[in-house]
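# Pasting the sequence and the predicted model now:
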2 protein chains.
Amino acid sequence: MDMLWSGWGDPAKAAPLPETVTALLRDLLGVKPRGTAPLALTEIAVPEPPLTDVARRALADAAGGEEHVRTDAESRIRHTRGKSTPDLLRIREGDVTDLPAAVVLPASHDDVLAVLRACAAHGLAAVPFGGGTSVVGGLAPERGSTPRPFVALDLRRMDRLLALDPVSRTATLQPGLRAPDAEALLAAHGFTLGHFPQSYEWATLGGFAAARSSGQASAGYGRFDEMVLGLTLATPEGTLETGRAPRSAAGPDLRQLVLGSEGAFGVITSVTVRLRPLPKTRIYEGWRFASFEEGAAALRRLAQDGPRPTVLRLSDETETFIGLAHPDAIGAEDAQDAQPAGCQAVAGYEGEPEEVAHRRERAAAVLRECGGAYLGEEPGERWAHGRYSAPYLRDALLDVGAFAETLETAAFWSRVPELYAAVRDALTAALTEAGTPPLVMCHISHVYENGASLYFTVVSAQGEDPVAHWTPAKHAANEAILAAGGTISHHHGVGTDHRDWYLREAGPLGADALRAVKRRLDPAGLLNPGVLLPLD
Amino acid sequence: MDMLWSGWGDPAKAAPLPETVTALLRDLLGVKPRGTAPLALTEIAVPEPPLTDVARRALADAAGGEEHVRTDAESRIRHTRGKSTPDLLRIREGDVTDLPAAVVLPASHDDVLAVLRACAAHGLAAVPFGGGTSVVGGLAPERGSTPRPFVALDLRRMDRLLALDPVSRTATLQPGLRAPDAEALLAAHGFTLGHFPQSYEWATLGGFAAARSSGQASAGYGRFDEMVLGLTLATPEGTLETGRAPRSAAGPDLRQLVLGSEGAFGVITSVTVRLRPLPKTRIYEGWRFASFEEGAAALRRLAQDGPRPTVLRLSDETETFIGLAHPDAIGAEDAQDAQPAGCQAVAGYEGEPEEVAHRRERAAAVLRECGGAYLGEEPGERWAHGRYSAPYLRDALLDVGAFAETLETAAFWSRVPELYAAVRDALTAALTEAGTPPLVMCHISHVYENGASLYFTVVSAQGEDPVAHWTPAKHAANEAILAAGGTISHHHGVGTDHRDWYLREAGPLGADALRAVKRRLDPAGLLNPGVLLPLD
C-alpha cells in the first residue's frame, strides 16, 4: 500500500480532530481554520519530466525494464520530499519544486550500481528512497547554480530476507523491506529485530541504517546502529562491503561510516542485523513522578544501575497534562480527569516470562525508591496502542489550521536539564514573538548510561505563511541545542534541514574528513546533493 | 618505571622457567638453547640521530624545553618497535633498524599540534608512543624509497584526569595515562573503567583507543571502543573533536573513525570514557566442559540469552592440558594432576553483592544445563592472579630457545568452529613443515551475542633465524583467518604486520575511503607511515 501522498500513513486511518480539541486549540492557541483545503493530487500542476529518451532508456536498462522507470505525475509527486511538517505543508499546497524527474525501481545490488552509472553518464542526481519518512529534508536534494534533474531511487523491489543464521542470530535483509514485513519474515524463524520507531509501519531497513534510527524499545534492544553488523553499499565507484565479525580491531569501523551517511556516500543494498528471540511476554505500565526532574533522575538510575526496562520514557508536565503521551485519549471526555498531576512515565518489559517478572519487580522497587507512583498497566497499554498514531494526529491538526512539528536531541545526563529548558524556551520565545504562542511538550524518549534524548512536540497556530513562520523557531531551537551541548539529532538525522548545524557539530576538520570520503565514493556528487554535506 | 627494554614488564618480575618445563619443551618440541645470550643495552651500536640542530630546536620549542627532546641511545632503544615476539627477537639481537631519531615528550594537546607542525617543517615522520605494547608492528613505521627519520611522540607527560562528571558517569583522560594510574584516579571517585587487557599494567588510554583494545572483562564492561564517548585528535591539519552526546543520529560516527586509526590519522590527545561504579564484589570460578565445542555452546548461550558473567573465557583441550590458562601453575609439581580433562572455562562476576549472587546463580544453572562441571573458585582465582603474567612467561621461553607468540581473530558464531580448526591447522602445518612442530593452544577470550574471538598461543623451537622462521607461519594463519571468514584482528590491531590482510578485509573501496581521510588529515603522510595504510 502507498502512504497518503499529502500526509501520513494509511489514508483509511485518517480521522478528524474531535470538536473538543478544536475548541481547545482555538481558545488556548488561537488556532483558526485557514480556509483553504489541500489540493487533490490530480489538481497539482506537474511539469514534463526533464529526462531525455536516451537517459530514460539507460535507466530502464539498468533497472531491468521500462516498467521500472516511472515518470507519471502521481509517482513523481509521491516521491517528492519526506514527511516533515514543512514537507507536508508544501505538498498540500501543490509546491512541486522538489519533484524528481523519474522514479527508478532497481531490484538488486547490481541494478543499483547500474542505475548509478546511468545517472553519472546522463548528468542525473540520485536520491535513495525507502519509506519516504524523512522528517529532516533528507529527500529534497539541493540545487546549486547549475541544477540537475534527479531520480528517486525507490528500493521497494529489494524486499527480501537474503540470509538468516540462527546460530549467530543474524539476518541479512534488503533495504527496501518495510519494518513490519521484516518483522514478519523474522518472526517465522522465531526472531525479532526489536526496532519500533514511530515510523515503524512505513519505514524501511535501509532507511533505518542510513539515518541511524532509534526505536521506542531502544532501552532493551538498542539503537538500529547498534543492531547492524554488516552493510553493503553501492556507490558510483563500486561496492563497499563491511562487517566480517561482530567486533573487530581491524582499523576504523567502516560500518559506522556508512551508518548515518544518509545516501550521500552510496545506496545501502543490504543490512546484516543482530536478531533477538521473539519475546513471549510484553508488559507496559505507567508511573507518575512529581516533576520532570524527579522522573528523569529515576530513569537515569535505571539506565545506569539497572535493571533496565525494554521501553522507558518520561513525559514532562505539559505533555502529561495534554495527554499527547497517548494521542488516542485526546478529546476523550475523561481525558483530563484521567491525567494525574506531575509527569507520567512508561516502562515496558519484553522477554521470557520469568526473566521479565524478576526484572520488572526489581525495576519497580527502584522507581518507587525514586518517588514513582505505580499507575498500573492501563497507561502503558494505552501508550502501546497509540505508539504509531501521533503522525495521524498531526495531519488532523494541520487540517484545522494548527501547526504541529517535532524535533529531538540528546546530551549527557548532566546537561539534560539545561538542554531541556533551553530548547523549550527558544521555541516558546520564537513563536510567541511571531504572534503564535505555542504549546511545547517534551519527553525523554531514549536513555543511555551516560545521557538521554529529548523529544519535543510543538503545537501552535500556523501563521500566514506556515513554513516561513516556523523556520525562525526551528533555527532558534537548533541554536539552543548546540549552545546547550546537545547533538543536532538523536534519531531523525541531518538531511538538509539540520545540515548547517551539523557541520558546526562535526567541526571543520570532521566535515572535511567526510567530504574526502564523499569525493572518493561519489566524485560526481550525484548522490543526495546537499544532504549531510553542502554542495561543493 | 620503564618497561624492560628487551622484553616485557617490570625487570624485577622476570623469572626463569622451571627445569621441568625446559625439559618438557626439549622432549616435546625439540627446544634447545641457542647459545647466545641477548645483548646488554649498552652493547648495542646506535648511530648518531639523523636530526639537524634546527629540527631539534623546533621540536624542543614545540614540546616546551630541550629536556623534552631525548636523543640518547637508551631513550631511542626504548622506543624502538613494540612487544611482538619478532620485535623482541630483533631488539635482543641489537637490531636497531627501526630506531627513532629522537623521543619527544609533549605535555598538552597544543604541544602535540606544535610537534606535528615541527615534524612537517623538518621532514620528520611521527610515531605516537603510549605504553609501547603494540604486538602488530604498530611502532615500526615503514620506510619508502626516500626514507625519512621519525620521532617517537611519547605521551607519558599527558597523564592527567581532565574532568569527571559523576552524574553522567563520564571522565575525560589524557592519552598517556597508564591503565592502573587511570584506575587509581577514577577509584578515588568510586568509579572504574573496567578495562583489563593483558597489557593492562603498561598500556595507556590513548593506545587503547587508537588500537580498539578489548579487556578480559569485556563480557561485562564491553570493549574499549564501546566505552569511548568522545575523543580529541591532534592532526597536522588541526584539531578534530568528537562526541557531543552518548549517541547521535548526526551523520556517520566520527568517533569510530578515530578509534582504530592507530596514529595514522592523528594523535589522540584526550579520551572521554563511560565509567562504572567500582564493584563491591569480584568472584572468579572455574568450569569444565567435555569438549571445546560443548564449552563454546555454553558460552554462546550465556552471551545470547544471559545472564552474562563479567568475565567469560574457555580454553581448548590443549591449552587446558598445558595449563597456560594459568601460567603460574606451569611447572608446579602437581600441575598436570590438577588439570581436569576436557576444556576449562573461567566465569567471573563483578558488581553489587546481591546482583552478583543472583546473576551467578542463574548463569551457573545455564552452564550446568550445557554440560559444565563446577570446579570451584580456585581455578578462577588462579586465572585472576596470573592474568597479566603470560608475557613474562614468553620472555622466559625465549631465554631457553623456545619461540612463543600469540595471535587472535573473531568471527560470527556459526563460523567459529571452522575458523578455530583452520588457524590451528595452518599454524601446525607451516611450523611442522619448517621442522619445528608447534604446540598450538587456543581460548575464546571475548564473547558477543553474534560471535566470539579466538586467541591462539603458539610455542615451538625457534629455528635458525627465528623471525624468518616464524613469518611464513604467521602469514599462513592470516590467510586461514581471511579464508574462514574471520577478521584479521579482534583486539591487537593492524599495525604494519596485519596491514596487507587488513586491506583485503576492508576491500579496495573501504581502504580508499580511509586513504582519503588520511590525505585530508595528514597530507604529508608524516603520521605512522605504513601503519594501517601502505605508503603512497
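That came through fine.
# use CA for all of it now, contacts and neighbours both
Noted.
# List, one by one, the residues from the stretch 401-536 of chain A near chain B.
Neighbours of chain B within the stretch 401-536 of chain A, by C-alpha under 8 Å from any C-alpha of the partner chain: A:409-414, A:448-452, A:485-494, A:502, A:505-507, A:509-510, A:512-514, A:516-517, A:520-521, A:532.
# Stretch A:527-536: end-to-end distance?
End-to-end distance for stretch A:527-536, by C-alpha to C-alpha, to the nearest Å: 13 Å.
# buried sites along it?
By 16 or more other C-alpha atoms under 10 Å in any protein chain shown, the buried positions in stretch A:527-536 come out as A:Leu527, A:Asn528, A:Pro529, A:Gly530, A:Val531, A:Leu532, A:Leu533.
# so the first one makes contact with A:Ser261?
No: with contact taken as C-alpha atoms under 8 Å, A:Leu527 and A:Ser261 are classed as non-touching, separated by 10.7 Å.
# Got the domain ranges for chain A?
A:51-154, A:161-277, A:281-385 (automatic domain parsing).
# Which of the ones you listed sits closest to chain B?
domain A:161-277 (4.3 Å; C-alpha to the nearest C-alpha).
# circling back: so which of the domains of chain A comes closest to B:Trp383?
Shortest distance between B:Trp383 and the domains of chain A, using C-alpha to C-alpha, is found for domain A:161-277: 24.5 Å.
# List the buried residues in stretch A:67-83.
A:68-71, A:73, A:75-83.
# Stretch A:116-136 now?
Buried, per 16+ other C-alpha under 10 Å, within stretch A:116-136: A:116-120, A:122, A:124-136.
# okay, how far is it across it, tip to tip?
24 Å.
# Figure out how far that stretch is from the centre of its chain.
19 Å (C-alpha atoms, centre = their mean, to the nearest Å).
# Which single one of the buried residues of stretch A:527-536 is nearest to A:Pro100?
Among the buried residues of stretch A:527-536, and counting by C-alpha to C-alpha, the member closest to A:Pro100 is A:Asn528, at 11.8 Å.
# any idea which helix is longest in chain A?
In chain A, taking DSSP state H as the definition, the longest helix is helix A:499-521.
# Only C-alpha atoms, please: export that one in CSV.
Only the C-alpha atoms of helix A:499-521 are listed here, as CSV (Å, rounded to 0.1, in the frame of the first residue of the first chain):
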residue,chain,number,x,y,z
ARG,A,499,23.0,20.3,7.8
ASP,A,500,24.4,23.7,8.7
TRP,A,501,24.2,23.0,12.4
TYR,A,502,25.6,19.5,11.9
LEU,A,503,28.6,21.0,10.2
ARG,A,504,29.3,23.1,13.3
GLU,A,505,28.8,20.0,15.4
ALA,A,506,31.2,17.9,13.3
GLY,A,507,33.7,20.8,13.2
PRO,A,508,35.6,21.9,10.0
LEU,A,509,38.1,19.0,10.1
GLY,A,510,35.4,16.4,10.8
ALA,A,511,33.3,17.7,8.0
ASP,A,512,36.3,17.7,5.7
ALA,A,513,37.1,14.1,6.5
LEU,A,514,33.5,13.2,5.5
ARG,A,515,33.9,15.4,2.4
ALA,A,516,37.0,13.5,1.5
VAL,A,517,35.1,10.2,1.8
LYS,A,518,32.3,11.5,-0.3
ARG,A,519,34.6,12.7,-3.0
ARG,A,520,36.2,9.2,-3.2
LEU,A,521,32.9,7.3,-3.3
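# Considering only helices and strands, which part of chain A has the lowest mean pLDDT?
Among the helical and strand segments of chain A, the one scoring lowest on mean pLDDT, DSSP states H and E is helix A:335-338, with a mean of 49.
# Flag every residue of the stretch 151-300 of chain A that's near chain B.
Counting by C-alpha under 8 Å from any C-alpha, the stretch 151-300 of chain A sits next to chain B at A:165, A:167-170, A:211-213, A:237-242, A:244-254, A:256-262, A:274.
# for A:Trp8, helix, strand, or coil?
Classification of A:Trp8 by DSSP: H, G, I helix; E, B strand; the rest coil places it in coil.
# mind checking how far it is from chain B?
22 Å (C-alpha to the nearest C-alpha, to the nearest Å).
# State the pLDDT value of that residue.
pLDDT, A:Trp8: 97.
# Equivalent analysis for A:Ile268, please.
Per the predicted model, pLDDT is 98 at A:Ile268.
# need the contact list for the residue nearest to A:Pro175 when sequence neighbours are not counted.
Once flanking residues are discounted, A:Pro175 sits nearest to A:Gly206: 3.9 Å by C-alpha to C-alpha, 6 or more residues apart in numbering or on different chains. Shown in contact with A:Gly206 (C-alpha atoms under 8 Å, 6 or more residues apart in numbering or on different chains): A:Gly130, A:Gln174, A:Pro175, A:Gly176, A:Leu177, A:Ile268, A:Thr269, A:Ser270, A:Val271.
# residues in contact with the residue nearest to A:Thr235 when sequence neighbours are not counted?
Excluding the flanking residues, the one nearest A:Thr235 by C-alpha to C-alpha, 6+ apart is A:Gly266, at 4.3 Å. Neighbouring residues of A:Gly266 by C-alpha under 8 Å, 6+ apart: A:Leu233, A:Ala234, A:Thr235, A:Pro236, A:Leu521, A:Asp522, A:Leu527.
# Run a quick check on A:Gly493 versus A:Ala209, I expect a contact.
No: with contact defined as C-alpha under 8 Å, A:Gly493 does not reach A:Ala209; the gap is 10.7 Å.
# and for the two, which residues touch both?
A:Gly260.
# What number of residues are in the vicinity of A:Ala468?
12 (other C-alpha atoms under 10 Å in any protein chain shown).
# Now do it, the pLDDT please.
So A:Ala468 comes in at 97 (pLDDT).
# ok, so what distance separates it from chain B?
A:Ala468 is 24 Å from chain B, by C-alpha to the nearest C-alpha.
# Specify the angle between the helix or strand that contains that residue and helix A:499-521 in degrees.
Element membership for A:Ala468, per DSSP states H and E: helix A:466-483. Going by axes from the mean of the first three to the mean of the last three C-alpha atoms, to 10 degrees, helix A:466-483 is angled at 80 degrees with respect to helix A:499-521.
# distance between helix A:466-483 and the chain's centre?
18 Å.
# for stretch A:264-275, same thing?
Mean-position distance between stretch A:264-275 and its chain equals 17 Å (C-alpha atoms, centre = their mean).
# And stretch A:188-203, by the same measure?
That offset, for stretch A:188-203, works out to 14 Å (C-alpha atoms, centre = their mean).
# Mind listing residues that contact it?
A:3, A:9, A:130-133, A:178-180, A:183, A:186, A:213-218, A:221, A:223-224, A:227, A:273-278, A:387-389.
# Residue numbers of the stretch 1-150 of chain A in contact with chain B?
Proximity of the stretch 1-150 of chain A to chain B, by C-alpha under 8 Å from any C-alpha, involves no residues.
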